[in-house]
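Engineer: Structure for this input, please:
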Amino acid sequence: MSLPPLVAPSAELSRDEVARYSRHLIIPDVGVTGQRRLKNARVLVLGAGGLGSPTLLYLAAAGVGTIGIIDFDTVDESNLQRQVIHGVADLGRPKTHSARDSIAAVNPLVDVVVHDQRLEAADAVELFADYDVIVDGADNFATRYLCNDAAVLARKPVVWGSIFRFDGQVSVFWQNAPDGRGRNLRDLYPQAPPPGSVPSCAEGGVLGVLCASIGSIMATETVKLICGLGDSLLGRLMVYDALAMTYRTVRLERDPAGAQITELIDYDDFCGVVSDDAAAAAVGATWTARELRDALDGPAAPAVIDVREPVEFEINRIDGATLIPLDDVLSGRALGDIPHDRRIVLYCKTGVRSAQALAALRREGFADAVHLGGGIASWAATVDPTMPVY
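Structural biologist: Next comes the predicted model:
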């Protein structure tokens, strides 16, 4: 069932706009009226990263009149593999500024509103109220839940996407949709996944072109909402497997036990970064990179264990480290490979996985085990700046 158009038409199109959007205008379902709706639309894109990049470019090319961009990050070299709205010349620049310039190069008729900030509960509802559609390209669950709940309170639809390695998902969440069709993220994820159970793209990786596949669908769903076209993904979850090259949709029912959203909460606390056990184990058992370096140079060098995946171990490693992936530690398969006659120092990329491994070893009696705070990223920054980073 189609949804009614979300945005009223703007004033008439100019001669230049007719020329620019002519391939839209000759589609009967879009036409001049649909293009005028796009011109009058205000869309806020959360994140100018992997998903935000293609979505922003296609929304701008489509003629969405006002595009807001909210992001607090700067362009890093590791972004360029997938974040196509940025280039080499943008390294170190705020992503919002780089994205604004790229949009201007694609379509100078679009008004870009830059929000150089992290999405915060203090002003999220007020911010969302200024827009017609929210596009959620966030890369963590805390921000996704905040975006969802703020959109519910602001009565705005959210076009939502996620990516990991070769897989992607897209849906539309709109609690206040007409005809009782409302759904929100909490119908899909009533509870946040356990801390550490869902790796970020920075830790798990993502195929760069997957962002284009999912981002283009997110842009399509946004245009459909604005113009009232076709069948929205509201009430459905689209799942894409790039390796099998399959798309499938899953019906999404409303959670009958779902709590009513009446206020915003502490989403970092709700989602967690590491489990309570891992956080407790790390207290008083977290070494800095310099402390580890000094210990390795000392008379009783500790056993250093890398709990990342083999592909990460190939990229960089601390000299002398032994690779024992986190799953082998948590399952107990590797306990016989861990020495008992020396202090154990665990590390991963950033310290999240090593804290989980530390909690597991403490439960097995390794009372003096520690982990490297900040992971190998900290080691590269403070001890070995020549080390390649990822």
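
Engineer: CA atoms for contacts and neighbours, from now on please.
Structural biologist: Noted.

Engineer: Which neighbouring elements make contact with the lengthiest helix in the chain?
Structural biologist: Counting residues, the longest helix found in the chain (DSSP state H) is helix 208-227. When contacts are defined as 3 or more Cα pairs under 8 Å, 6 or more residues apart in numbering; DSSP states H and E, helix 208-227 packs onto helix 31-40, helix 52-62, strand 133-136, strand 158-164, strand 167-173.

Engineer: any chance you could map the strands in the stretch 151-300 of the chain?
Structural biologist: 158-164, 167-173, 236-241, 246-251, 286-287 (DSSP state E, counting those that start in this stretch).

Engineer: can you list these in JSON lines and add distance to residue 319?
Structural biologist: Shown next, in JSON lines, are the strands of the stretch 151-300 of the chain (distance: least, Cα to Cα, whole Å):
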{"stretch": "strand 158-164", "distance to residue 319": "30"}
{"stretch": "strand 167-173", "distance to residue 319": "34"}
{"stretch": "strand 236-241", "distance to residue 319": "37"}
{"stretch": "strand 246-251", "distance to residue 319": "42"}
{"stretch": "strand 286-287", "distance to residue 319": "17"}
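
Engineer: Compare the ones you listed and report which one is nearest to residue 23.
Structural biologist: Closest approach to residue 23 among these (Cα to Cα): strand 158-164, 24.3 Å.

Engineer: Helix, strand, or coil at the residue lying closest to residue 316 once chain neighbours are set aside?
Structural biologist: Nearest non-adjacent residue to residue 316, counting by Cα to Cα, 6 or more residues apart in numbering: residue 388, 6.4 Å away. With DSSP: H, G, I helix; E, B strand; the rest coil as the basis, residue 388 sits in coil.

Engineer: For residue 338, see how far away residue 388 is.
Structural biologist: With distances taken as Cα to Cα, to the nearest Å, residue 388 is found 27 Å from residue 338.

Engineer: okay, and for the stretch 201-350 of the chain, where does confidence drop off?
Structural biologist: By pLDDT under 70, the stretch 201-350 of the chain has no low-scoring segment.

Engineer: please redo it, this time with the cut-off set to 80
Structural biologist: Across the stretch 201-350 of the chain, residues meeting the criterion (pLDDT under 80) sit at 258-259, 272-274.

Engineer: just the stretch 1-150 of the chain next, same as before
Structural biologist: 1.

Engineer: In the stretch 1-150 of the chain, mark out all the helices, start to finish.
Structural biologist: 15-20, 22-25, 31-40, 52-62, 95-106, 124-128, 141-154 (DSSP state H, counting those that start in this stretch).

Engineer: any idea how far the fourth one is from the chain center?
Structural biologist: The chain centre lies 17 Å from the centre of helix 52-62; the measure is Cα atoms, centre = their mean, to the nearest Å.

Engineer: again, but for the second one
Structural biologist: Centroid separation for helix 22-25 versus its chain: 33 Å, with Cα atoms, centre = their mean.

Engineer: buried stuff in that helix?
Structural biologist: 24-25 (16 or more other Cα atoms under 10 Å).

Engineer: For it, enumerate the helices and strands it packs against.
Structural biologist: Helix 22-25 packs on helix 31-40, going by 3+ Cα pairs under 8 Å, 6+ apart.

Engineer: got the angle between the helix it packs on and helix 208-227?
Structural biologist: Angle, helix 31-40 to helix 208-227, by axes from the mean of the first three to the mean of the last three Cα atoms, to 10 degrees: 110 degrees.

Engineer: Disregarding flanking residues, what is the spatial nearest neighbour of the spatially most central residue of the chain?
Structural biologist: Residue closest to the average C-alpha location in the chain (Cα atoms, centre = their mean): residue 139, at 1.1 Å. The spatially closest residue to residue 139, leaving aside those adjacent along the chain, is residue 200, at 6.8 Å (Cα to Cα, 6+ apart).

Engineer: Run a quick neighbour tally on that neighbour.
Structural biologist: 16 (other Cα atoms under 10 Å).

Engineer: Residue 56 versus that one, what's the distance?
Structural biologist: In this view, residue 200 and residue 56 are 22 Å apart by Cα to Cα.

Engineer: Same check on residue 247?
Structural biologist: 23 Å.

Engineer: on that earlier part again, list the contacts for the residue nearest to the centre of the chain?
Structural biologist: Residues near residue 139 by Cα atoms under 8 Å, 6 or more residues apart in numbering: 162, 200-201.

Engineer: With residue 40 instead?
Structural biologist: 7-10, 64-66.

Engineer: now do residue 174
Structural biologist: Counted by Cα under 8 Å, 6+ apart, residue 174 has contacts 151-152, 155-158, 182-184, 234.

Engineer: Go through the helix or strand that contains residue 381 and flag the buried ones.
Structural biologist: Per DSSP states H and E, residue 381 falls inside helix 375-382. Of all the residues in helix 375-382, those buried under the rule 16+ other Cα under 10 Å are 375-380.

Engineer: which SSE is the closest residue to residue 203 other than its chain neighbours in?
Structural biologist: Leaving out its chain neighbours, the residue that sits closest to residue 203 by Cα to Cα, 6+ apart is residue 349, at 7.3 Å. Of the helices and strands defined by DSSP H and E, none includes residue 349.

Engineer: If anything else comes up later, I'll come back, but that's it for now.
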